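In: okay, predicted coordinates and the sequence, questions at the end:
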Amino acid sequence: MDHPRKILIYYASAGHGHEKAARAVEEALRERPELSVFCLDALDLTPGFFGKNYKGSYLFMIKSATWLWGFLYGASDVLALRPVIRPARAIVNSIFAKRLEKMIELEQPETVLATHFMPVEIAARLKRKGKIRSKIVSVITDFLPHEFWIAPEVDIYAVAHDRTRAELVRRGVPESRIRVTGIPVGKKFMLKADAKELRTKLRLEESVFTALVTSGGAGVGDAVGLVERLKKIGKPVQTLAVCGTNKALFAKLSPSAGKSLKVYSFVNNMDELMQISDVVVGKSGGLTVSESLAVGLPMIVLRPVPGQEERNAVVLDAASAGFVARSTAEAALKVRELAEFPEVLAAYRHAARAAGRPFAARDVAEIACER
């Protein structure tokens, strides 16, 4: 009897997007009974202090020191520094990711698929040393790539957009190794629900313009200021504010909740909230942008964090599927415009649908299974 084909999926829980993309691919792969699929947090296979600091330092910078994050992101993405940065990162990984290395080497999977660059680097080094022969699939979860995602041993890069592909080619990746799939989103984002039934279920007004305010899983950004601005735009707007894991933000907004403002903590029904909304206003993480586009929902990006969010916003804006606002006042004015002029909203929605790739998880799963 043949053994199941083994596929290991790795993400890193520095931000929620990497895991969401990994789980979406896992969901698609589990529909194939001939496969043995495991989805794991790479940071769980590192020492506790390392994983905690890895996540904590990232969250601190995007909340409180965005300038520092932007500097580090840009400085580490300089191609001329590749000969210095790659060996340095290899040393760090060899010290702190020994358990992850041993697991991949012991399991000898047919495919290693990763939605974060750290497992990509580690699998690539093992393959370079001849310790594994696995196919490596790098699923880049932003619209423009960073240097850390790139390794000669990667067999296939699954990327978000034609611009992602062009940038990888510019950086020396053979075009034959790049597939434009979109960033994987959960299967539920492919399902079309009845908006009227959803609004009734969620106790929302049926015919009022609805703005979905998101702040990423970590609850980053000036949601309080934005909600206050939306109250004063002079047009009826129903605001749905999702606070993620930010308990302080939830506590600040909850007393104001009422008919025109619904406040949520961390949610598992973002697909439903998006399907009954007219626009999403928030941070331009790769998964948030991809989920919005998958349901044909335009996005107003509020003050993107320097680095990957800024690059994602550039691509979104270029596709005419979104708008970049540098202040809460500018974001509120754009919401008012969309609420006041249905033809403008319709144009944005059309562009969002055209840019969306709701079947990305299925397409990445197909790539993972190819021999």
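Out: Looks like it came in fine. Because the structure is a prediction, the values reported are computed rather than measured.
In: list the contacts of stretch 92-101.
Out: Contacts with stretch 92-101, where a contact means CB atoms under 8 Å, 6 or more residues apart in numbering, come from 10, 42, 45, 46, 47, 50, 118, 119, 121, 122, 125, 126. Every residue, glycine included, has its C-beta placed from N, CA and C.
In: now with 10 Å, please.
Out: 10, 40, 42-47, 49-51, 54, 103-104, 118-119, 121-123, 125-126, 129, 131-132 (CB atoms under 10 Å, 6 or more residues apart in numbering).
In: same check on stretch 28-40?
Out: So stretch 28-40 is in contact with 2-11, 19, 22-23, 25-27, 100, 103, 107, 109-111, 113, 115, 119, 184, 186-187, 359-366, 368-369, going by CB under 10 Å, 6+ apart.
In: from the contacts of stretch 92-101, which land in helices?
Out: Members of these lying in helices (criterion: DSSP state H): 49-51, 54, 103-104, 118-119, 121-123, 125-126.
In: and of these, the nearest to residue 212?
Out: residue 54 (29.9 Å; CB to CB).
In: where do the strands sit along the chain?
Out: With DSSP state E as the criterion, the chain has strands at 5-11, 35-41, 111-114, 135-139, 156-159, 178-180, 209-214, 237-242, 261-264, 279-282, 299-302, 322-325.
In: how far out from the middle of the chain is the second one?
Out: Looking back up the chat, that one is strand 35-41. 20 Å (CA atoms, centre = their mean, to the nearest Å).
In: dump the C-alpha coordinates for that strand into CSV.
Out: C-alpha atoms of strand 35-41 as CSV (Å, rounded to 0.1, in the frame of the first residue of the first chain):
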residue,chain,number,x,y,z
LEU,A,35,-2.3,13.5,1.2
SER,A,36,-0.9,13.7,4.7
VAL,A,37,-1.0,17.4,5.6
PHE,A,38,0.5,19.1,8.7
CYS,A,39,0.2,22.9,9.4
LEU,A,40,2.5,24.3,12.1
ASP,A,41,3.7,27.5,13.6
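In: that strand pairs with which strands?
Out: If you go by DSSP bridges, strand 35-41 pairs up with strand 5-11 (parallel).
In: ditto for the last one
Out: Taking DSSP bridges as the criterion, strand 322-325 sits next to strand 299-302 (parallel) in its sheet.
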